[in-house]
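fold the following, please.
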Amino acid sequence: MHQRRTPLYSKNGYKILWGFILLATLTNCALPTKAVPTLIPTDTPTPLPTLTPTPTVPLVMLVLPVEMDMDLSNLYQKTVYDLAQGAGYRYQVRNTLTTADLEPALKIVIVLPPDPGMSELAAAAPQAQFLAVNIPGLAAGGNLSVLGESSQPDIPAFTAGYISAMITDDYHTGILIPKDDTDAQKALTAFTNGMEFYCGLCNPFFYVSWEYPQYVEIPTDEDPARYGAYADFLILQRKVRTVYLYPSIATPDLLAYLDSTGILMISPIDPQQQLRSWVASIRPDVLNAIQTAWLDLLAGNGGKNVASLLSLTNVNSELLTPGKQRLAEQVLDDLQAGFIASGVNP
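The predicted model follows:
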C-alpha cells in the first residue's frame, strides 16, 4: 500500500500565504516616505559682533620744578589730584613737558615755572586747557590762561615792612631794589610805611647815625653774580638783620648767599630751594586760585587772566611765630580790603 502524501501547500495554506503577502503589501504602502531636504547655497555672510572702543579717560597734568620744596610740592600735588579725582580724570605729575607728552586725551595742564614753552604747547594741543602759574611774559588767550604776579608792589612791601619790624631786633631792616624802577620806588615807600605802622618812628635802642630801613639800589645792567656785593653793604656796613628782596633782585644765587650769612629774608617770590633764614613769601594764593579756575578749565572756558589775593606762604614758624603770623595776615587782609592804606598812590 502506498501512503498518500500531503501536498506542500493545501488550499487553506495558499489562502494563509496570500493573506500574509497582501498584509505586507498594504503595510509597505501605508509607511510615509521621508522627504530629503534640499540645501540651497547662499552668499550672505554671517554677521560678526561689533566691537565698541573703550572711551579713553581724560588726563590732567601738573608740571612742577624738580627742585621745589617737598612740602610745597606735595601741597600742589594733593590739590590738583583731588580736583582730578572729583572730575573722574586721570592724573599725572611731571617735572618737564614737551610736545611729545601731549596725548589726545589730555584735558587740563597746570604748569609752574620755569616756562617749558607754554605758548607752543598750548598751540600743539588745542583740545586741552593750559594754566600758567606765575610764569612771566605770557598773555592769556585761546586755550592758555594765566595766573600772574600781583600788579600792586606796595601791598607785599608794606606787609614785609610790618613783619620785619615785628621780628627784627632793634629794627635793623633793609631792602634791595633795582635802580630807576618806578614800582621798586613804590615798594621802598610802602616798606617804610609798613615798619612805621608797627613801631611808629622805629628808633633803634642803640644810637646809630642812620635811620632804618636801609636800602640799596642795584643798577639794572649789573651782573647778577655781583648782587652779593650790594647785599654786603647792608649786612656789613649798615648791620641789617632782615632784608626785603624785590622780585627781580631775588636770584637763586643771591638767595643762597644771603642764607649762608644768616640774614633773614622776605620777598614776593617763591624760593625753589631750602633756605634756613627764609621768613615768609607774600604771594598770590595760588592753590585757591587754581581751585577757583578749575571749573572754567573743566568746561573749556580758557584764555583768561586768573586773579588771586595775596597770602603768606613758605612761612618759617620759628622765625615768624603763629601769633605774629596771625597779626601779619590780618594786616595783609586789611590792606587788600582797603581798610589800611599803604601810603602809595596806585
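
for Cys199, what are its contacts?
Counting by CB atoms under 8 Å, 6 or more residues apart in numbering, Cys199 makes contact with Ala165, Tyr171. Glycine gets a C-beta too; all of them are placed from N, C-alpha and C.

at 10 Å instead, please
Gly161, Tyr162, Ser164, Ala165, Met166, Thr168, Tyr171, Tyr212 (CB atoms under 10 Å, 6 or more residues apart in numbering).

tell me which of these fall in helices.
Under the assignment DSSP state H, the contacts of Cys199 contribute Gly161, Tyr162, Ser164, Ala165, Met166 to helices.

need the residues that contact stretch 81-96.
By CB under 10 Å, 6+ apart, stretch 81-96 touches 56-68, 73, 76-77, 80, 101, 103, 105-111, 114, 116, 290-291, 294-295, 297-298.

now do it: distance from first to last residue.
18 Å (CA to CA, to the nearest Å).

re earlier: show me which of the contacts of stretch 81-96 are buried.
Among the contacts of stretch 81-96, those that count as buried by neighbour count (16 or more other CB atoms under 10 Å) are 58-64, 68, 73, 76, 80, 101, 106-111, 116, 290, 294, 297-298.

and the helix or strand harbouring Ala256, what does it pack onto?
Taking DSSP states H and E as the criterion, Ala256 maps to helix 252-261. Packing partners of helix 252-261 (3 or more CB pairs under 10 Å, 6 or more residues apart in numbering; DSSP states H and E): helix 227-232, strand 242-245, strand 264-267, strand 278-284.

go through these and pick out the most buried.
Among these, strand 242-245 has the highest mean neighbour count (mean count of other CB atoms under 10 Å), at a mean of 28.

how distant is that strand from the center of its chain?
Strand 242-245 has its C-alpha centroid displaced from the chain centroid by 29 Å (CA atoms, centre = their mean, to the nearest Å).

and that strand, which strands flank it?
strand 173-178 (parallel), strand 264-267 (parallel) (DSSP bridges).

any chance of TSV for these, columns mean pLDDT?
Shown next, in TSV, are the strands paired with strand 242-245 (pLDDT from 0 to 100):
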stretch	mean pLDDT
strand 173-178	97
strand 264-267	98
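
quick one: which of those is nearest Leu147?
With CB to CB as the criterion, Leu147 lies closest to strand 264-267 of those, at 18.4 Å.

show me the strands in this structure, by range?
Remark: strands assigned in the chain by DSSP state E are 59-63, 90-94, 106-111, 129-133, 144-147, 173-178, 214-218, 242-245, 264-267, 278-284, 305-306, 310-313.

pLDDT averaged over the shortest one, what's the number?
Here the mean pLDDT over strand 305-306 is 92, rounded to a whole number.

do the same with the fourth one
Regarding strand 129-133, the rounded mean pLDDT is 96.

in that strand, what's buried?
Residues of strand 129-133 classed as buried by neighbour count (16+ other CB under 10 Å): Gln129, Phe130, Leu131, Ala132, Val133.

tell me the spacing between the second one and Ala122.
Looking back up the chat, that one is Phe130. Going from Phe130 to Ala122 by CB to CB, to the nearest Å gives 5 Å.

which residues do the two both contact?
Joint contacts of Phe130 and Ala122 (CB under 10 Å, 6+ apart) are Val109, Val111, Leu138, Gly142, Asn143, Leu144, Ser145, Gly302, Gly303.

I appreciate the help and will end here.
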